[in-house]
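In: no sequence on this one, just coordinates:
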Ligand code: NAD
């Protein structure tokens, strides 16, 4: 689903990389191109037409560019591109949002943090995506407002399992972030996490951290984190904070997973209307998302690792799109960066 703005530009890059992987490894991927967001509103009057949903359900994985833009951003509009995004997440039942943040040494200068803090940063934030305060009952009178935060045991168990499996495959450490000194939902979160980990993942080292402390430690000592699991709103905030470690929004991928292997994969950035149509968007976040797609939905670990390595290699060799270029760097277009990664894959 290419979507809007730079969405189609970066989605094309992702498809080109997957196609190259297919050719090289003798796989056959069948692609189906579907409308979402503003593009779907313009042609169908619906940000997520039924045939898009049907096609996603029939697919093993879904790759999304981005949705939205000024054309559809009237705050009073009844139909908005973002509705398509929320709806497809719900339709696919994806409750776990994975955001890996790996700092590439050569890009440390692009981050507002000191380079020495960023060396070897490689962490994964696992955010609960379908519960908590964003989905609880909302009330409003002129002088009163409330948002209900609700979590149930099964919601905590399933997200903790996703995070724990990732921790097993990584360094065997899991950090659960909550606010158990104040919030009842956090106390449930902590109890369920302790029980689930003790019963099912006794060999994973579990640490608990209050969200305010986590926000500080993420900047002060990001290298010490590996897998972080947290509830919806804390994860929303911490993942945006963590993205700054890597310097540019354009670099970072995400995966949203549910109970089945099918997942939704997208770069973390939006449709970037300010640069759309100029062919200068950074395709790396989308290309890294295709690596996550191959790993988590198709079980193609070797191919996924190859894409990640090709990406690191071209950045290390100095390839830069405008958002990550500094000083005298030669600036590549979206297709030049994509071609550099394709050539490195070869
Ligand atoms: P944005 O992420 O689109 O852009 C923020 C800044 O980062 C812009 O200056 C943009 O040029 C730059 N940027 C983003 N991606 C880049 C890339 N790949 N290469 C180079 N530079 C890049 O956020 P925004 O401007 O706040 O939002 C624009 C639109 O995107 C809005 O309509 C918003 O609702 C939507 N949005 C969609 C998603 C999504 O589809 N998942 C996520 C966030 C925002």
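Out: Ah, there it is. Computed from a predicted model, the values in this text were never measured in an experiment.
In: alpha carbons only for contacts and neighbour counts from here, please
Out: Fine.
In: what's across from the spatially closest residue to residue 263 that is not a sequence neighbour in the sheet?
Out: Excluding its sequence neighbours, the residue lying closest to residue 263 (C-alpha to C-alpha, 6 or more residues apart in numbering) is residue 257, at 4.7 Å. With DSSP bridges applied, residue 257 shows beta-bridge pairing to residue 96, residue 263.
In: quick one, what contacts residue 257?
Out: If a contact means C-alpha atoms under 8 Å, 6 or more residues apart in numbering, then residue 257 has 93, 94, 95, 96, 97, 98, 263, 264 as its contacts.
In: Against residue 304, how distant is residue 338?
Out: According to C-alpha to C-alpha, to the nearest Å, residue 338 and residue 304 sit 16 Å apart.
In: Next, count neighbours for residue 111.
Out: Residues near residue 111, counting by other C-alpha atoms under 10 Å, number 17.
In: mind listing the strands for this structure?
Out: Counting by DSSP state E, the chain has these strands, from start to end: 61-63, 96-102, 122-128, 138-141, 144-147, 173-178, 205-210, 227-230, 253-257, 263-267, 320-321, 331-332.
In: want to try CSV for the ones you listed, with distance to residue 187 and mean pLDDT as columns?
Out: Shown next, in CSV, are those (distance: least, C-alpha to C-alpha, whole Å; pLDDT from 0 to 100):
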stretch, distance to residue 187, mean pLDDT
strand 61-63, 35, 98
strand 96-102, 20, 94
strand 122-128, 16, 96
strand 138-141, 22, 93
strand 144-147, 18, 96
strand 173-178, 8, 98
strand 205-210, 11, 98
strand 227-230, 13, 98
strand 253-257, 25, 96
strand 263-267, 29, 97
strand 320-321, 45, 96
strand 331-332, 49, 97
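In: Distance to the ligand for the ones you listed - can I get that in a markdown table?
Out: Below are these laid out as a markdown table (distance: least, C-alpha to the nearest ligand atom, whole Å):
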| stretch | distance to the ligand |
| --- | --- |
| strand 61-63 | 11 |
| strand 96-102 | 12 |
| strand 122-128 | 15 |
| strand 138-141 | 22 |
| strand 144-147 | 22 |
| strand 173-178 | 23 |
| strand 205-210 | 26 |
| strand 227-230 | 20 |
| strand 253-257 | 10 |
| strand 263-267 | 7 |
| strand 320-321 | 7 |
| strand 331-332 | 11 |
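In: Serialize those strands to a markdown table and add fields for distance to residue 13.
Out: Output for the strands of the chain, formatted as a markdown table (distance: least, C-alpha to C-alpha, whole Å):
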| stretch | distance to residue 13 |
| --- | --- |
| strand 61-63 | 11 |
| strand 96-102 | 20 |
| strand 122-128 | 24 |
| strand 138-141 | 40 |
| strand 144-147 | 40 |
| strand 173-178 | 33 |
| strand 205-210 | 38 |
| strand 227-230 | 28 |
| strand 253-257 | 13 |
| strand 263-267 | 12 |
| strand 320-321 | 13 |
| strand 331-332 | 14 |
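In: Please name the nearest non-neighbouring residue to residue 97.
Out: Per C-alpha to C-alpha, 6+ apart, closest to residue 97 is residue 256, 4.3 Å.
In: who touches that neighbour in this structure?
Out: 89, 94, 95, 96, 97, 98, 263, 264, 265 are the contacts of residue 256 under C-alpha under 8 Å, 6+ apart.
In: Compare the residues you listed and tell me which is most surrounded.
Out: Counting by other C-alpha under 10 Å, top hit in these: residue 263 with 29 neighbours.
In: Show me which residues of the chain are close to the ligand?
Out: Proximity of the chain to the ligand, by C-alpha under 6 Å from any ligand atom, involves residues 66-69, 249-250, 269-275, 281-283, 323.
In: and with 5 Å instead?
Out: Listed as neighbours of the ligand in the chain under the rule C-alpha under 5 Å from any ligand atom: 66, 67, 68, 69, 250, 269, 270, 271, 272, 281, 282, 323.
In: got the domain boundaries for this protein?
Out: 1-102+254-346, 112-246 (automatic domain parsing).
In: taking the ones you listed together, which one is wrapped up most tightly?
Out: domain 1-102+254-346 (a mean of 19; mean count of other C-alpha atoms under 10 Å).
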